[in-house]
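Colleague: how would this look folded up:
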Amino acid sequence: MPKKEQNKETKPIVYSALEVANICGVVNQTAINWINTGHLKAFKTPGGQYRVYPEDLLAFMKERKMYIPQTLLDSCNNTASEKTLLVIDDDVAFNTVVVKFISERMERLKINSAHDGFEAGVLMSSTHPRCIVLDIDLPGVNGIELCRKIHDTEVYGKPKIIVVTGLQDTEVEQKVRDLGVDFFFRKPLQLADLHKAVEEALA
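Modeller: Numbers count the residues shown, from 1 in each chain. Model prediction:
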């Protein structure tokens, strides 16, 4: 498959609360307080530990006019070119076509794919994709349940969600919109429209 290297699993750079404290020159509890009060954006790992993306820490420090070390700037530059997409669809042919179409147009994007809800949950936990292309009618954990888990927890890092479904149920769109879905498409669709949605979600 072309560009196979781009579809391997990736783990984005993230900081623990202690690492945030060290970068900012404060004690660990201060960093935790920033997170708990909502001033510093973070998510929790399945083990309950806080993690912070470099660009969120950079925005926090800029807002407070804090000294920003070069190592943090370098981390932000690196992660900017390593944004990740997860394509979740049990239709293997459609999944493959989407990965190929988008990877050919977004060469720096790292793309993973899953074919059922359980596999998707594992990949979301391990790679924290910034964007998800999600089918609703999945084996295992269905797409609506995945949307609910993403909406209700910080474990997955709050990715942008693009739903692509063959279901014709008129209530499906409203259900997933209420759970924070950013884009909604019904099959069949134009891949160019999906590509545009991915670009907007990752912008």
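Colleague: do a quick rundown of the strands in this structure.
Modeller: 15-16, 43-44, 50-52, 84-88, 110-114, 131-134, 160-165, 183-186 (DSSP state E).
Colleague: need those strands in TSV with mean pLDDT and mean neighbour count, can you?
Modeller: All C-beta atoms are positioned from the backbone trio N, CA, C, and that covers glycine. Conversion of these to TSV gives the following (pLDDT from 0 to 100; neighbours: other C-beta atoms under 10 Å):
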stretch	mean pLDDT	mean neighbour count
strand 15-16	91	18
strand 43-44	86	17
strand 50-52	90	22
strand 84-88	93	26
strand 110-114	92	22
strand 131-134	94	27
strand 160-165	94	23
strand 183-186	94	16
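Colleague: would TSV of those strands with distance to residue 196 be doable?
Modeller: Listed next are those as TSV, based on distance: least, C-beta to C-beta, whole Å:
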stretch	distance to residue 196
strand 15-16	32
strand 43-44	27
strand 50-52	30
strand 84-88	14
strand 110-114	16
strand 131-134	12
strand 160-165	10
strand 183-186	9
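Colleague: model confidence over stretch 73-83, on average?
Modeller: In this model, stretch 73-83 has an average pLDDT of 67.
Colleague: equivalent analysis for stretch 54-62, please.
Modeller: Mean pLDDT, stretch 54-62: 89.
Colleague: buried stuff in it?
Modeller: 54, 55, 56, 57, 58, 60, 61 (16 or more other C-beta atoms under 10 Å).
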